[in-house]
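Student: What follows is a predicted protein model with its sequence.
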Amino acid sequence: MQILLALIAGAVLGLAAHFTVGGRDTRGAVVGPMLGAVVGGLVWMVLTWAGVGIESPWIWVASFAAPVVVFPALAVLTRARMQHDARERARLKLA
């Protein structure tokens, strides 16, 4: 049941990343929160399978800190989308 806390924390960090990383208009509103929730949940799951219990502070720190990777992931995604859009505009001779 505690995995829900990791999922919620990941979604909140993903939401923060969505609003702080530029180029919001090039990606969907749910990409950041969903990516954050997935990362937080995966870290929790992996540490649980590795035998780390909920009484250990490492599972909490890792699952709450791991979704920070959403910030650079959204930046890369935004840059790739802008480059793709520019190539498509050039291919269609729109710009």
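Tutor: Thanks, I have the structure now. Numbers count the residues shown, from 1 in each chain.
Student: C-alpha only now, for contacts and for neighbours.
Tutor: Will do.
Student: shouldn't residue 36 be in contact with residue 18?
Tutor: No - in this structure, residue 36 is not within contact of residue 18 by C-alpha atoms under 8 Å, at 10.2 Å.
Student: which of those two has more neighbours?
Tutor: residue 36 (31 against 23; other C-alpha atoms under 10 Å).
Student: The more buried one: what's its closest spatial neighbour, skipping adjacent residues?
Tutor: Among residues not flanking residue 36 along the chain, residue 10 sits closest, at 4.2 Å (C-alpha to C-alpha, 6 or more residues apart in numbering).
Student: Quick check: residue 32 vs residue 10, distance?
Tutor: As judged by C-alpha to C-alpha, to the nearest Å, residue 32 and residue 10 stand 9 Å apart.
Student: related to what we said a few turns ago, neighbours around the residue nearest to residue 36, how many?
Tutor: Other residues lying near residue 10 total 29 when counted by other C-alpha under 10 Å.
Student: Contacts only, for residue 67.
Tutor: 10, 13, 14, 35, 36, 37, 39, 40 (C-alpha atoms under 8 Å, 6 or more residues apart in numbering).
Student: Let me see the contact set for the first one.
Tutor: This means residue 10. 33, 35, 36, 37, 38, 39, 40, 41, 63, 64, 67.
Student: SS state for residue 46?
Tutor: helix (DSSP: H, G, I helix; E, B strand; the rest coil).
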